[in-house]
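Chemist: okay, predicted coordinates and the sequence, questions at the end:
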Amino acid sequence: MRRSSVKSFLSAQAFQLAGAALAASAFFSSPATADEIVDSAGRVVTVPSHVERVFAAGPPASVLIYVLAPDRLTGWPRALRPEERDYVAAPYRDLPELGRLTGRGDTVNLEVMLSAKPDLIVDFGSVRDTYVSLADRVQAQTNIPYLLVDGRFDATPQALRLVGGALGVGDRAEALAAYVEDTFRELDTTLAAVPESERPRVYLARGPDGLETGLKGSINTEIIERAGGINVAVDPARQGITRVSLEQVLAWNPDTIVTWDPIFYEAVWSDPSWASVEAVRRGRVYLSPTAPFGWIDRPPSLNRVMGLKWLSRVFFPDRFPDDLADQTRAFYKRVYHVDLDEDALNRLLAWSRGRKP
Amino acid sequence: MALAAACIGPYPLGPGEALRLVFERVAGTLPADDPAATVLFNVRLPRIGAALMAGGALAAAGATYQGLFRNPLVSPDILGVSAGASCGAVLGIFLSLSVVAIQGLAFAGGILTVALVYLVASGVRGREPVLVLVLAGVVMGALAGAVVSLLKILADPYDQLPAITFWLLGSLSGIKTVDVVSSLPAVVIGLVPLVLLRWRMNVLSLGDDEARSLGVDAARLRLVFVAAATLMTAAVVAISGVVGWVGLVMPHVARMLVGPNYDRMLPVAILLGGGYLLAVDTLARTLAATEVPIGILTAFVGAPFFLWLLARGRKGWA
């Protein structure tokens, strides 16, 4: 999409030289070198040719920018917790906490954002009208170009290419997009041979008592279908996160439960009320690792590609014989820029294997 | 009614099947992991118990406060018990604590808030004591609400925020036997003095001066009533979340049926509250596969009803 030699030189200066880089980018980014980019909502955004500092509007965008070009990220929506730090490369794990751009353009948040002096704002997620109007308003108010990127799981490769182009890291974006497409393709090829009757019936348990779930079709659970499972929580009338009763879970009687709440995961094995659920009887309750980002959601971003590799192996262990540890190590290296040592890797994998009944 | 509720829900379980399960349970021949038995004994019966208990307790607390403050617009959360309990529960969710700890914090938050309100109010002298109590309650309730908002802002938007939202809407969907058993003592301890002293409520609702001329220590009696109503409300809100409108509307219905004399009105309000919440909770679990929070249903039913009561004029309130 554009020449990237100057940019890669600048990016090599790294994080500590942000001041010098800023001066350089101010010098280079005259209107003559700006590009027009069409974002996922169809908005035409004028992006400077040398984007050095990117503000992530929310957690999904922060993951996307970190994966593509960590040296451009101005900060995290929420500072990393101690247990997450091992899984994010230095020095980015120490980036400041800047908060997230909430829907009302409220002053404090905008000022924090402006104080980070971004060249570009990126939001990754819904591209519905509410978010379009928020993007337009913030862009008009701050004069900072604002890219809105479609966050649907299947659109991940396009999102990588769009933002990669805007940041001038097209090569890495293309490589990652191809990697995601390969992952999708490998999965679809294998799943095509799996009859409906062999697909697990999955319940996603959220919340400390496990009685919140995501209905089929919502962004929080699309990974279940993508990995070849059947989400038991179906309501033809609606989507999104909802609360159900244990009685409803028993009526659905899922054979697999996925959660990311360690409190629920610990409690479910000894709770007599859950004992007759088939997933618990068969020991098929799985705890999703959440460091540095959740494997299945939280936030719904690139992290779900790792979740897809995990879930497809949980659902169909015989059809995906390659080792999850190798997959995890490779993903963290390739996507998150970190080399995991054995200890860090084992901590991630410890609970994700389920438990023998 | 409770029997009917035990047979209604998304898991198919007819009256005959339910009876068979009860017999087998009594006879001790029930298999350990029969899902139908889990539904009946671990899900529906605790919910029915919790609905009856919570509805009765909220109605009793509402009736008490309405008499205490001589105001028909008062509900059990007038002194901030629900706001305080919300604050405690939200803190628990924010800290990713277990369900039991969340309930404990909610209970403690409710009690603590009202205790602070009472301390503040009794420290202020020379003013109408009831008015000071209400004002202190409004202030503390608003403060607790602000803390809840702050925690919502700080919470993880993908994980904790939905949990907080669901808790604040009230629901009996996660109720277990242990929840009912652990909150029952507090409800009973609160209910007993209210029922025993209910005739004195008539005296207190006349006003402090009249009460004194009849030989009743209004200040001390008020403390007993506030403590009892707070204890009950905090105990049920801790397990069910915030359920509005039951405590506000049910005393009015009781008053319409049997008149304003607390001797008869309070027991009737308790029965109505329990029955009403049981009906609403049965509705909540049968309307759709997903739970409709009972806090929403009680408002949808309670608010129009209350407007209708208002339109009828002051008849029924003395």
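Modeler: Okay, I see it.
Chemist: alpha carbons only for contacts and neighbour counts from here, please
Modeler: Will do.
Chemist: what lies in contact with the strand or helix carrying residue A:164?
Modeler: Taking DSSP states H and E as the definition, residue A:164 sits inside helix A:156-167. Under the criterion C-alpha atoms under 8 Å, 6 or more residues apart in numbering or on different chains, residues A:1-2, A:37, A:39, A:47, A:49-52, A:64, A:68-69, A:149-151, A:170-174, A:176-178, A:180-181, A:302 lie in contact with helix A:156-167.
Chemist: could you point out the helix or strand that follows it?
Modeler: Assigned by DSSP H and E, the successor of helix A:156-167 is helix A:170-192.
Chemist: now do that following helix against helix A:156-167, angle only.
Modeler: Angle, helix A:170-192 to helix A:156-167, by axes from the mean of the first three to the mean of the last three C-alpha atoms, to 10 degrees: 180 degrees.
Chemist: for helix A:170-192, what does the pLDDT average out to?
Modeler: Within the predicted structure, the mean pLDDT of helix A:170-192 is 96.
Chemist: check which helix or strand covers the residue lying closest to residue B:193 once chain neighbours are set aside.
Modeler: Computed as C-alpha to C-alpha, 6 or more residues apart in numbering or on different chains, the closest residue to residue B:193 that is not its neighbour in sequence is residue B:228, at 7.1 Å. Element membership for residue B:228 (DSSP H and E) is helix B:218-240.
Chemist: what pLDDT does residue A:28 get?
Modeler: The predicted structure lists residue A:28 with a pLDDT of 46.
Chemist: can you pull out the low-pLDDT segments for chain A?
Modeler: With pLDDT under 70 as the threshold, chain A has low-confidence stretches at A:1-32, A:103-108, A:356-357.
Chemist: contact residues of it facing chain B?
Modeler: Along chain A, the residues adjacent to chain B under the rule C-alpha under 8 Å from any C-alpha of the partner chain are A:206-209, A:211-212, A:234-235, A:241-248, A:250-251, A:263, A:273, A:275-277, A:297-299.
Chemist: filter these to the buried ones?
Modeler: Among these, those classed as buried by neighbour count (16 or more other C-alpha atoms under 10 Å in any protein chain shown) are A:206-209, A:211-212, A:234, A:241-248, A:250-251, A:263, A:273, A:275-277, A:297-299.
Chemist: quick one: low-confidence ranges for the stretch 51-200 of chain B?
Modeler: Using pLDDT under 70, the stretch 51-200 of chain B has no residue that qualifies.
Chemist: and the residue of it nearest chain A?
Modeler: Shortest the stretch 51-200 of chain B-to-chain A distance, computed as C-alpha to the nearest C-alpha: residue-wise this is residue B:173, at 4.6 Å.
Chemist: near that residue, how many other residues are there?
Modeler: Using other C-alpha atoms under 10 Å in any protein chain shown as the criterion, residue B:173 is surrounded by 25 other residues.
Chemist: ok, residue A:229 next?
Modeler: The burial count assigned to residue A:229 is 23, neighbours taken as other C-alpha under 10 Å.
Chemist: report the buried residues of the helix or strand where residue B:211 lies.
Modeler: Residue B:211 is located in helix B:208-213, with elements delineated by DSSP H and E. When neighbours are counted by 16+ other C-alpha under 10 Å, the buried residues of helix B:208-213 are found to be B:208, B:211.
Chemist: do stretch A:195-205 as well
Modeler: Within stretch A:195-205, the residues that count as buried by 16+ other C-alpha under 10 Å are A:199-205.
Chemist: stretch B:181-196 now?
Modeler: B:183-184, B:186-188, B:190-191, B:194.
Chemist: tell me the gap between it and the middle of its chain.
Modeler: On the basis of C-alpha atoms, centre = their mean, to the nearest Å, stretch B:181-196 sits 12 Å off its chain's mean C-alpha point.
Chemist: quick check: beta-bridge partners of residue A:213?
Modeler: Using DSSP bridges, the bridge partners assigned to residue A:213 are residue A:242.
Chemist: who are the contact partners of the closest residue to residue B:290 other than its chain neighbours?
Modeler: Counting by C-alpha to C-alpha, 6+ apart, the nearest residue to residue B:290 once its immediate chain neighbours are dropped is residue A:244, at 4.8 Å. If you count contacts by C-alpha under 8 Å, 6+ apart, residue A:244 has them with A:211-213, B:173, B:289-291.
Chemist: wasn't residue A:320 part of a helix?
Modeler: No: Residue A:320: not assigned to a helix; according to DSSP: H, G, I helix; E, B strand; the rest coil it is coil.
Chemist: what about it, distance to residue A:189?
Modeler: Distance of residue A:320 to residue A:189, computed by C-alpha to C-alpha, to the nearest Å: 12 Å.
Chemist: and what of residue B:64?
Modeler: 67 Å.
Chemist: of the two, who's got more company?
Modeler: residue B:64 (28 against 10).
Chemist: could you report the distance from the more buried one to residue B:191?
Modeler: Between residue B:64 and residue B:191 the computed distance is 10 Å (C-alpha to C-alpha).
Chemist: swap in residue B:199?
Modeler: As defined by C-alpha to C-alpha, residue B:199 lies at a distance of 14 Å from residue B:191.
Chemist: do the same with residue A:252
Modeler: Distance, residue A:252 to residue B:191, using C-alpha to C-alpha: 39 Å.
Chemist: equivalent analysis for residue A:173, please.
Modeler: 66 Å.
Chemist: same deal with residue B:182?
Modeler: Summarising the geometry, the distance separating residue B:182 from residue B:191, computed by C-alpha to C-alpha, is 15 Å.
Chemist: same deal with residue A:213?
Modeler: With distances taken as C-alpha to C-alpha, residue A:213 is found 37 Å from residue B:191.
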